[in-house]
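> Fold the following, please.
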Amino acid sequence: MKQCKDHIPPHVLPVIVFAQFAGTSLWFAGNAIAGDLQQALHLPANAIGHITSAVQLGFISGTLVFAILSLADRFSPSKVFLSSALAGAFFNLCVLWFAQGMASLLAFRFLTGFFLAGIYPVGMKISADWYEKGLGKALGYLVGALVVGTAFPHLLKTFSGELSWSGVLTATSLLAISGGLLLYFTVGDGPHRRPAPKFEWNAIPRIFRYKKFRAAAYGYFGHMWELYAMWAFVPYMLVFYEEKNAVPVDIPWWSFIIIAAGGLGCIIGGYISLKKGSAKVAFAMLLTSGILCLFSPFLFFLSKWLFLPALLIWGFAVVGDSPQFSTIVAQTAPKMYVGTALTIVNCIGFALTIFSIQLLSFLQNKIDGEWGYLFLLPGPVFGLWSIWGMVKK
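A predicted model of the protein is given here:
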């Protein structure tokens with residue numbers, strides 16, 4: 001439906017935010033129930049890294065296909081979002097229905113990740129088409145929804161007495177379906193949408209010719225080296241601290257709180273960006289998480305009530321820069337290829353997460369647990385160096 005560009009119905013942002021939360025709850029559903037899956041499917045001890053990487057690899061493959069074909073620019077983004085939510089929910093449920101071992105589990109998690117490519121970056125594309133002004137704030141809410149959606153399976157797992165691991169899979173799938181349907185029927189495509197005129201094989205190289213776009217993209221890549229590895233290993237940080245200090249910690253609950261704190265970081269950062277600009281907010285958040293990376297070995301020697309707040313700050317900052325990097329990417333990309341630009345940057349960024357997650361998995365049995373997170377530090381350092389020019393200006 002056509003909308004006046006100067007008037008945005010008040011329900012648009014809340015619906016996009018809910019749909020993003022609902023769709024991305026599929027992301028870490030496997031991680032939240034990894035212990036149950038290990039027992040039910042007789043998986044090896046290092047299964048968590050493989051489960052996470054399968055979703056990431058699926059997402060990377062999906063974003064590459066979506067970007068090369070410019071699907072979010074050439075076709076209705078709301079239809080792409082709905083189709084992806086339905087497919088992602090189906091393959092998430094296939095773990096419950098058909099998984100017999102590691103191979104089938106990883107295949108279904110890969111396919112779930114593939115269709116998440118039509119949810120996360122396409123949701124940002126829909127937001128950009130509605131909110132040409134104040135995009136940093138809008139994406140703050142949107143990525144905040146991604147963060148809470150990512151943390152949501154951990155919250156479900158907290159109530160495992162009432163909800164089994166199969167219930168977690170069913171709940172997240174139903175949630176994703178409801179989000180896709182609600183967005184399609186009540187929001188649709190934004191008034192600022194500019195469909196790409198035709199399919200072009202060289203669209204991606206053309207996008208990377210823009211200097212400011214490259215700086216934003218490289219900053220995002222540094223941020224991504226740290227982000228998903230930190231998220232994936234939050235439960236293991238808590239377990240390691242609990243065993244090292246003989247202090248009880250509610251692992252699922254604090255995993256949810258620490259990851260979900262990033263949602264607040266995204267929203268607060270979005271409001272600050274209206275006055276300070278997206279580059280400065282991204283720089284400050286990345287600097288904060290980088291400092292916590294640097295001092296991470298010492299965190300495990302703190303008392304419980306210093307350790308947990310430190311992880312909360314890390315969770316707050318580690319993703320608080322993400323919507324601002326995406327805002328800069330959207331603002332510096334060619335207008336007719338905003339969807340493709342967001343998708344290819346996501347593709348490359350998430351490819352990096354495979355290496356950082358696998359690196360931490362490898363290091364688990366090679367070095368003492370408190371030292372592994374230092375290997376995430378190069379990401380923030382590279383990201384800060386990449387966007388320093390934008391901050392100075």
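> tell me the pLDDT at the residue sitting furthest away from the middle of the chain?
Distance from the C-alpha centroid of the chain, by C-alpha atoms, centre = their mean, peaks at residue 246 (32.2 Å). Among the per-residue scores, residue 246 holds a pLDDT of 90.
> Packing partners of the host helix or strand of residue 380?
Assessed by DSSP states H and E, residue 380 sits inside helix 378-392. For helix 378-392, the packing partners by 3 or more C-beta pairs under 8 Å, 6 or more residues apart in numbering; DSSP states H and E come out as helix 211-232, helix 278-294. Backbone N, C-alpha and C define where each C-beta goes, glycine included.
> Which residues does the shortest one contact?
Surrounding helix 278-294, the residues in contact under the criterion C-beta atoms under 8 Å, 6 or more residues apart in numbering are 136, 219, 222-223, 226, 230, 265, 269, 272-273, 299, 310, 313-314, 317-318, 320-321, 324-325, 327-328, 331, 373-374, 376-377, 380-381, 383-384, 387-388, 390-391.
> For ChimeraX, write a command that selects the buried ones of those.
Here is the ChimeraX command that selects only those of the contacts of helix 278-294 that count as buried (16 or more other C-beta atoms under 10 Å):
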select :136,219,222,223,226,230,265,269,272,273,299,310,313,314,317,318,320,321,324,325,327,328,331,373,376,377,380,381,383,384,387,390
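> Flag the shaky bits of this structure, pLDDT-wise.
Scanning the chain for pLDDT under 70 picks out 1-6, 31, 46, 153, 156-163, 195-199.
> Give the closest residue to the spatially most central residue of it in space, chain neighbours not counted.
Among the residues of the chain, the one closest to the centroid is residue 146, at 5.9 Å (C-alpha atoms, centre = their mean). Among residues not flanking residue 146 along the chain, residue 24 sits closest, at 4.6 Å (C-beta to C-beta, 6 or more residues apart in numbering).
> Throw the helices and strands packed on helix 378-392 into TSV and include distance to residue 183, thanks.
Below are these laid out as TSV (distance: least, C-beta to C-beta, whole Å):
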stretch	distance to residue 183
helix 211-232	24
helix 278-294	24
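> and residue 131, which of those helices is closest to it?
helix 278-294 (13.2 Å; C-beta to C-beta).
> Following the chain past that closest one, name the next helix or strand.
That would be, after helix 278-294 and using DSSP H and E, helix 296-299.
> And the strands in the protein?
Taking DSSP state E, the chain contains no strands at all.
> contact partners of stretch 343-352?
By C-beta under 8 Å, 6+ apart, the residues outside stretch 343-352 that reach it are 56, 59-60, 63-64, 66-67, 72, 117, 120-122, 125, 204, 207, 217, 220-221, 223-225, 228, 326, 329, 379.
> now that stretch, how far from the centre of its chain.
Computed by C-alpha atoms, centre = their mean, to the nearest Å, the chain-centroid distance of stretch 343-352 equals 11 Å.
> One more: stretch 279-288?
The gap between where stretch 279-288 is centred and where its chain is centred comes out at 17 Å by C-alpha atoms, centre = their mean.
> same deal with stretch 241-257?
Its chain's average C-alpha position is 23 Å from that of stretch 241-257, according to C-alpha atoms, centre = their mean.
> Then stretch 364-381?
Worked out by C-alpha atoms, centre = their mean, stretch 364-381 lies 21 Å from the chain centre.
> mind checking the end-to-end distance for that stretch?
In stretch 364-381, first residue to last residue: 23 Å (C-alpha to C-alpha, to the nearest Å).
> what's the distance between residue 252 and residue 52?
16 Å (C-beta to C-beta, to the nearest Å).
> More neighbours: which of those two?
Neighbours were counted for residue 252 and for residue 52 using other C-beta atoms under 10 Å; residue 52 has more, 28 against 19.
> list the contacts for the more buried one?
Shown in contact with residue 52 (C-beta under 8 Å, 6+ apart): 28, 30, 31, 228, 232, 357.
> Next, the contact list for residue 357, please.
49, 52, 53, 56, 228, 229, 232.
> Count the neighbours of the residue nearest to it when sequence neighbours are not counted for me.
Leaving out its chain neighbours, the residue that sits closest to residue 357 by C-beta to C-beta, 6+ apart is residue 229, at 4.9 Å. By the criterion of other C-beta under 10 Å, residue 229 has 28 neighbours.
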